[in-house]
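> Give me coordinates for this.
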Amino acid sequence: MDEGERTDAQFEDPACVERSPDAPRLFIDIEARGPDDGSTGTGADSDRPERRFPASDPSVVPPPERCHMTLRVLSLYEGFFAGGARILHSDVVAGLHAGGEQAHAVLSLSAQARRDATVQFAHDDPRYRRLAAAGVEITALGGTAGADPMDPSSFRELDLHRAAEAIAQADVVLSLKEQPLGLLLALRAHGLMPSVPVTACLHRSDPTHSGPALGWLREAAETGLLAATISCARSTDEVYAQHLPFGLDRRVVPNGIDIDVFGPAADDFECIALRASIGIPLDAPVVLLAARFDSMKDPGLFLRAAARHAAARPDAHYVLCGAGMTHDNAGFASLMMDAAAPADRVHALGIRGDMPALYRIADIVALTSAFGEASPLCLLEGAASGATPVTTDVGDAAQSVEGFGLVTPRDPDAIAAAWEAVLHDRASYRDAALAARPSLSRGRMIDEYRLAIESLAERRRLAA
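Just a heads-up that it's a prediction; the model follows:
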């Protein structure tokens with residue numbers, strides 16, 4: 001899962017470039033920075049001004065006092081931006097922190113991200129807001145996350161000392177994907193890496209698309225810096241195993257979602273209002289793609305399938321949401337033109353904060369990804385809301401929708417035919433999706449993460 005983005009796949013409106021006045025204001029300590037090359041333009045480290053967000057928001061619960069008996073866990077994020085991996089990991093962190101047996105904190109390597117044709121600020125991100133509201137301490141080193149992971153040489157001395165201090169307070173470190181491992185390699189190179197077990201939480205089925213981060217993962221595992229991996233899908237574990245040393249502790253914890261958030265509409269008013277706001281007739285069939293604008297997601301294939309389907313179904317509408325999914329994006333506009341998709345029935349909404357409501361107006365939640373997916377959250381979230389998943393065969397997608405969804409080849413005509421088959425027997429498919437809701441719950445996932453973290457902490461205790 002990347003990043004579906006999810007794609008909780010609750011996206012945020014990118015139009016806000018200033019800090020929202022009601023954004024959570026505590027626990028983040030962001031180093032003021034200058035140009036994106038990492039320099040500050042202000043001289044020595046000691047002269048750098050700091051920008052702090054004070055803990056003055058009464059709506060945010062302060063973190064609990066940490067007892068020495070509480071297991072302390074630090075998660076490393078490359079940054080806060082739209083994506084399924086961040087959604088899922090934040091779900092895990094918030095759930096375990098609320099349980100009281102573990103005290104969780106987050107160290108973000110960046111304060112903002114430039115990705116998928118949008119600028120996304122950490123403090124405006126729904127994942128950040130959720131963690132802060134749950135009382136999870138969040139610290140950011142500053143800087144900007146981009147399409148490429150941060151190289152170990154890019155971290156300044158002050159960044160490294162702050163990171164070392166945060167890690168030293170933890171009993172276990174979780175790296176959200178392999179990209180943050182560059183920071184740990186830099187710490188070790190400078191003799192600053194504390195002796196704390198590290199686990200990489202993996203969410204892709206194509207590690208070769210991770211760039212240099214795959215090499216960092218391999219180096220960390222081969223040199224003993226990495227103690228274990230937790231993969232969100234069987235396909236993820238199998239493909240990463242080819243790049244990891246034999247005998248490394250590898251676990252699989254399948255994805256789960258919050259079925260209290262993602263569920264069928266309690267009444268018709270919400271769906272009527274949302275359809276009207278988008279410009280979709282009340283009785284029109286809706287096909288939804290919840291994904292960022294990226295070659296991995298292959299929005300062009302979705303649009304070509306939509307053009308085929310629209311020719312036979314003049315009443316159907318097609319909704320795309322996620323970073324970069326807007327008509328203002330030149331790349332998206334070009335794909336629209338190439339596909340000859342009907343502009344009046346294709347609704348490109350960009351990043352959204354109302355994904356549960358969007359799933360509820362959908363008849364079909366589509367996935368047309370070409371590679372990289374592990375266990376896409378959008379398929380589970382859509383199914384829990386009553387939409388039928390129709391997906392290409394990537395990662396564990398086929399296994400995750402077995403019994404309530406359809407799997408198609410990467411062919412626009414075949415995809416359009418599958419969409420029509422679902423609409424033809426809509427009631428039966430909806431019943432099957434809703435019947436699967438208990439099996440999609442995140443409760444099992446959070447419990448398995450808790451046990452894995454406890455096992456790592458026990459290993460450290462025995463080795464002490």
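
> What number of residues are in the vicinity of residue 266?
Other residues lying near residue 266 total 8 when counted by other CB atoms under 10 Å. (Each C-beta comes from the backbone N, C-alpha and C, glycine too.)

> can I assume it sits in a strand?
No. Per DSSP: H, G, I helix; E, B strand; the rest coil, residue 266 lies outside any strand segment and is coil.

> low pLDDT regions in the protein?
1-69, 116-117, 464 (pLDDT under 70).

> for it, longest helix please?
The longest helix of the chain (DSSP state H) is helix 443-463.

> buried residues in that one?
445, 446, 448, 449, 450, 452, 453, 456, 457 (16 or more other CB atoms under 10 Å).

> again, but for stretch 132-139
Buried residues in stretch 132-139 (16+ other CB under 10 Å): 132, 134, 135, 136, 137, 138, 139.

> Mind checking which of these are in strands?
Counting by DSSP state E, the members of the buried residues of stretch 132-139 that fall within strands are 137, 138, 139.

> burial measure for the closest residue to the first one other than its chain neighbours, as a count.
Put plainly, it is residue 137. Counting by CB to CB, 6 or more residues apart in numbering, the nearest residue to residue 137 once its immediate chain neighbours are dropped is residue 105, at 4.2 Å. Residue 105 has 21 neighbouring residues, counting by other CB under 10 Å.

> how about residue 105, secondary structure?
Three-state assignment for residue 105 (three-state DSSP): strand.

> what's the answer for residue 128, then?
Counting by three-state DSSP, the backbone at residue 128 sits in helix.

> so how far is residue 357 from residue 273?
Separation of residue 273 from residue 357 (CB to CB, to the nearest Å): 9 Å.

> correction: residue 291
17 Å.

> Residue 394 too?
Per CB to CB, residue 394 is found 26 Å from residue 357.

> Then residue 368?
Separation of residue 368 from residue 357 (CB to CB): 23 Å.

> of those two, who's got more company?
Taking other CB under 10 Å, residue 368 and residue 357 do not tie; residue 368 has more neighbours (24 against 15).

> Test my guess that that one contacts residue 296.
No. Here residue 368 does not reach residue 296: they are 10.3 Å apart, not a contact under CB atoms under 8 Å.

> Tell me which stretches of the stretch 251-400 of the chain form strands.
286-290, 317-321, 346-348, 364-367, 388-392 (DSSP state E, counting those that start in this stretch).

> a markdown table for the ones you listed, including distance to residue 72 and mean neighbour count?
Putting the strands of the stretch 251-400 of the chain into a markdown table (distance: least, CB to CB, whole Å; neighbours: other CB atoms under 10 Å) gives the following:
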| stretch | distance to residue 72 | mean neighbour count |
| --- | --- | --- |
| strand 286-290 | 34 | 28 |
| strand 317-321 | 37 | 25 |
| strand 346-348 | 43 | 21 |
| strand 364-367 | 37 | 29 |
| strand 388-392 | 38 | 26 |
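
> Take those strands and write them to TSV, including distance to residue 112.
Below are the strands of the stretch 251-400 of the chain laid out as TSV (distance: least, CB to CB, whole Å):
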stretch	distance to residue 112
strand 286-290	23
strand 317-321	21
strand 346-348	23
strand 364-367	28
strand 388-392	32
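
> Nearest to residue 423 among these would be which one?
strand 364-367 (7.5 Å; CB to CB).

> Give me the contacts around that closest one.
285-291, 297, 302, 305, 359, 373, 376, 378-379, 381-383, 387-392, 394, 397, 415, 419, 422-423 (CB atoms under 8 Å, 6 or more residues apart in numbering).

> before we move on, what about stretch 171-179?
The contact list for stretch 171-179, computed with CB under 8 Å, 6+ apart, reads 71-78, 85-86, 89, 149-150, 167, 181, 184, 196-204, 207, 210, 213-214, 216-217, 230, 453, 456-457, 460.

> Any idea how far apart the tips of that stretch sit?
21 Å (CA to CA, to the nearest Å).

> what's the domain layout of this protein?
Split into domains by automatic domain parsing, the chain comes to 29-58+69-256+447-458, 268-440.

> Among those, which comes closest to residue 262?
Nearest to residue 262 among those is domain 268-440; the distance by CB to CB comes to 4.2 Å.

> Can you give the distance of the closest one from its chain's centre?
Domain 268-440 sits 18 Å away from the centroid of its parent chain (CA atoms, centre = their mean, to the nearest Å).

> and the end-to-end length of that domain?
This stretch, domain 268-440, spans 24 Å end to end (CA to CA).

> number of nearby residues for the closest residue to residue 398 other than its chain neighbours?
Once flanking residues are discounted, residue 398 sits nearest to residue 407: 4.5 Å by CB to CB, 6+ apart. By other CB under 10 Å, 17 other residues sit near residue 407.

> so where does residue 407 fall, helix or strand?
According to DSSP states H and E, residue 407 maps onto strand 406-408.

> Which neighbouring elements make contact with that strand?
Applying 3 or more CB pairs under 8 Å, 6 or more residues apart in numbering; DSSP states H and E, we find strand 406-408 packed against strand 388-392, helix 412-424.

> Direction included, what does the first one pair up with?
Take DSSP bridges as the rule and strand 388-392 pairs in its sheet with strand 364-367 (parallel), strand 406-408 (parallel).

> Is it possible to get TSV of the ones you listed that adds distance to residue 123?
Listed next are these as TSV, based on distance: least, CB to CB, whole Å:
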stretch	distance to residue 123
strand 364-367	30
strand 406-408	39
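
> now for those, which one comes closest to residue 278?
strand 364-367 (15.9 Å).

> CA atoms only for that closest one, dumped as CSV, please.
Taking C-alpha atoms only, strand 364-367 is exported to CSV below (Å, rounded to 0.1, in the frame of the first residue of the first chain):
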residue,chain,number,x,y,z
ILE,A,364,-18.2,0.4,-7.4
VAL,A,365,-14.8,1.1,-5.9
ALA,A,366,-12.2,0.6,-8.7
LEU,A,367,-8.5,-0.1,-8.6
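
> who touches stretch 442-453?
71, 73, 91-92, 95-96, 99, 101-102, 172, 174, 199, 228, 230, 251, 253-259.

> repeat that for 6 Å
73, 91, 92, 95, 96, 172, 230, 251, 253, 256, 257, 258 (CB atoms under 6 Å, 6 or more residues apart in numbering).
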